[in-house]
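Engineer: how does the following fold in three dimensions:
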Amino acid sequence: MSKMFAEFIGTFTLVFLGCGAAVIAGGDIGLMGISFAFGLALIGMAYGIGPISGCHINPAVSLGAVAAGRMEISEAVRYIIAQVAGAIVAAVILMVIASGKADYSVAANGLGQNGWGAGYLGEYTMAAAFTFEVVATFLFMVVILGATSVGVPDEFAGLAIGLALVVIHLVGINITGVSVNPARSFGPAIMVGGTAIAQLWLFILAPIIGAVVAGLLFRAGLLERD
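Structural biologist: Residues are numbered from 1 along each chain as shown. So this is what the prediction gives:
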């Protein structure tokens, strides 16, 4: 239960602070500020709950760990339940706070949900969005598995992983808003509804594909040290 609670808190923090930066402060801090909000939230949780649960706070990461042989699927399922619950609660609380501003509308302003196509940020195509999410999550998972491998100084793992998330956001915010995390996408989407729900499948499927491929490469020994 301590691991599940840690994953709940960690995912809550990532969604609340990361999406909150976009919704509440996006106009002031811009793309770079939002990118660092997600990355710094992850770094904080990596050191805060990492010793308890490993700080996956991402269903794709948990499934990537299963593919790499570092986690049992039964435990991954429990992690994913906690992660999705944390993301939903964060989205609910964020909407309550954002709605305290007179000119806020969830339909017009959103909750930092992911998307693609006409009317969404850079208006990239579905193919571009899918490709970015697969590749970005693959690279993210490579950093995670590499930084947490045996023999690597673990005191720097959280920093490396968090900074990787920052640069992924710097590149990808205008493409999809950056998911690389199905739970991060799920929470805001179910509160916003409409197109966010219709497009949610991509932000579940693509990150899982990217993370599992990375995990399989580690399991095969292609990305492990001799």
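
Engineer: where do the helices sit along the protein?
Structural biologist: For the chain, the helices defined by DSSP state H cover 2-53, 59-67, 73-98, 106-109, 126-147, 157-176, 182-192, 195-198, 200-219.

Engineer: dump those helices to JSON lines, plus mean pLDDT.
Structural biologist: Formatted as JSON lines, the helices of the chain follow (pLDDT from 0 to 100):
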{"stretch": "helix 2-53", "mean pLDDT": "97"}
{"stretch": "helix 59-67", "mean pLDDT": "98"}
{"stretch": "helix 73-98", "mean pLDDT": "98"}
{"stretch": "helix 106-109", "mean pLDDT": "92"}
{"stretch": "helix 126-147", "mean pLDDT": "98"}
{"stretch": "helix 157-176", "mean pLDDT": "97"}
{"stretch": "helix 182-192", "mean pLDDT": "98"}
{"stretch": "helix 195-198", "mean pLDDT": "98"}
{"stretch": "helix 200-219", "mean pLDDT": "98"}
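
Engineer: for the residue nearest to the spatial centre of the chain, what are its contacts?
Structural biologist: Geometric centre of the chain, nearest residue: Asn181, 3.3 Å, by C-alpha atoms, centre = their mean. Applying C-beta atoms under 8 Å, 6 or more residues apart in numbering to Asn181 gives the contacts 14, 57-61, 207. Backbone N, C-alpha and C define where each C-beta goes, glycine included.

Engineer: out of those, which one sits closest to Phe38?
Structural biologist: Phe38 lies nearest to Leu14 out of the contacts of Asn181, by C-beta to C-beta, at 6.8 Å.

Engineer: number of residues surrounding the closest one?
Structural biologist: Using other C-beta atoms under 10 Å, Leu14 has 29 neighbouring residues.
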